[in-house]
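>>> could you work out the structure for the sequence below:
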Amino acid sequence: MVKSKTVMDCKNMLNATTVFTPVHLIWVKAHATSAGNNWVDLLAKEGAQTHARCGPFPHDTVTLAFVRSVLQKDIMDEWKAQWQAHPTCRQTKLFFPEPIPPLSRKILQLKRPEIGRLIRWITGHNFLRRHWHLIDPQTYSSERCRLCNMEPETSLHIIAECMALDFNRLKTLKCDYMNSPYQWKLRQLNNFLAEFADLLEEEGPVGRISILTRTGSRTLYLEKAAVPLDPLLQP
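Numbers count the residues shown, from 1 in each chain. The predicted structure is shown next:
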């Protein structure tokens, strides 16, 4: 246990120095007639008599905060490189082109249903017609959007492109169309999805959704897919 401030300062400086150059500490017995001890004494005397300095120490010190910032930057650069080089997560990269820890922490502070809904829609692993069509094409023969009937019904289409939702998008996301990579705010996207995301994913009773238009608003009825009955249950 270190009790001396001088010893602690020396220890911190040596630890910080290792970031820039390798440091090897060798114990040399004091007051002994040895080549190593005589060599250390000679260098110490020369260093005390000269004004020339080499390197940042001991004249210019580097704070631990600076060392931490350098290490953190290196870690983030490596994390970003690995994320962008990863061959999968195509849709998620439109919302997170690089790691954004502050935004991730904000998402984790939401309520559990909001976190689940947001992650499903950002990653694309949700229960829209495109997803159901891939799982069960016989039951879900169409993958087109139920709102505009033009493009496959995916979360990217609903959030960024669907023409039927241009006014809803303008009201909450402050834009009628989103270009990738997306510029978005957590609160705005959460409010946008809260209006109708659950209805679009629901495969229970028929749901209604209200859509803003240039002439006011209109209500759409979302039909449930025609699920065939089990032959054993038919009369």
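
>>> the strands in this structure, which residues?
For the chain, strands defined by DSSP state E occupy the ranges 207-213, 216-222.

>>> against which helices or strands is the first one packed?
It refers to strand 207-213. helix 166-172, helix 186-201, strand 216-222 (3 or more Cβ pairs under 8 Å, 6 or more residues apart in numbering; DSSP states H and E). From N, CA and C alone the C-beta is placed, and that goes for glycine too.

>>> adding mean neighbour count, write the ones you listed out as JSON lines.
Below are the helices and strands packed on strand 207-213 laid out as JSON lines (neighbours: other Cβ atoms under 10 Å):
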{"stretch": "helix 166-172", "mean neighbour count": "18"}
{"stretch": "helix 186-201", "mean neighbour count": "17"}
{"stretch": "strand 216-222", "mean neighbour count": "11"}
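
>>> so which of these comes closest to residue 149?
Across the helices and strands packed on strand 207-213, the minimum distance to residue 149, taken as Cβ to Cβ, is reached by strand 216-222, at 10.7 Å.

>>> which helices and strands sit right next to the closest one?
Counting by 3+ Cβ pairs under 8 Å, 6+ apart, strand 216-222 packs on strand 207-213.

>>> between the strand it packs on and helix 186-201, how many degrees?
Using axes from the mean of the first three to the mean of the last three Cα atoms, to 10 degrees, the inter-axis angle of strand 207-213 relative to helix 186-201 is 130 degrees.

>>> related to what we said a few turns ago, so which of the helices and strands packed on strand 207-213 is nearest residue 38?
Of all the helices and strands packed on strand 207-213, helix 186-201 comes closest under Cβ to Cβ, at 66.8 Å.

>>> and that closest one, how far out from the chain middle?
20 Å (Cα atoms, centre = their mean, to the nearest Å).

>>> who's in contact with that helix?
Identification of contacts with helix 186-201 by Cβ atoms under 8 Å, 6 or more residues apart in numbering yields 103, 106-107, 110, 114, 117-118, 120-121, 126-128, 146, 153, 158-159, 168-169, 172-174, 207-210, 222.

>>> with just CA atoms, put that helix into PDB.
Extracted as PDB, the C-alpha positions of helix 186-201 are listed here (Å, rounded to 0.1, in the frame of the first residue of the first chain):
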ATOM      1  CA  LEU A 186     -35.500   9.100 -30.200                       C
ATOM      2  CA  ARG A 187     -38.500  11.000 -28.900                       C
ATOM      3  CA  GLN A 188     -39.800  11.800 -32.400                       C
ATOM      4  CA  LEU A 189     -39.400   8.200 -33.700                       C
ATOM      5  CA  ASN A 190     -41.000   6.900 -30.500                       C
ATOM      6  CA  ASN A 191     -44.000   9.200 -30.900                       C
ATOM      7  CA  PHE A 192     -44.300   8.300 -34.600                       C
ATOM      8  CA  LEU A 193     -44.400   4.500 -33.900                       C
ATOM      9  CA  ALA A 194     -46.800   4.900 -30.900                       C
ATOM     10  CA  GLU A 195     -49.600   6.100 -33.200                       C
ATOM     11  CA  PHE A 196     -50.000   2.900 -35.300                       C
ATOM     12  CA  ALA A 197     -47.000   0.500 -34.900                       C
ATOM     13  CA  ASP A 198     -48.900  -1.900 -32.600                       C
ATOM     14  CA  LEU A 199     -51.900  -2.000 -35.000                       C
ATOM     15  CA  LEU A 200     -49.800  -2.800 -38.000                       C
ATOM     16  CA  GLU A 201     -48.100  -5.700 -36.100                       C
END
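
>>> now do it against strand 216-222, angle only.
Per the same axes, to 10 degrees, the angle that helix 186-201 makes with strand 216-222 is 50 degrees.
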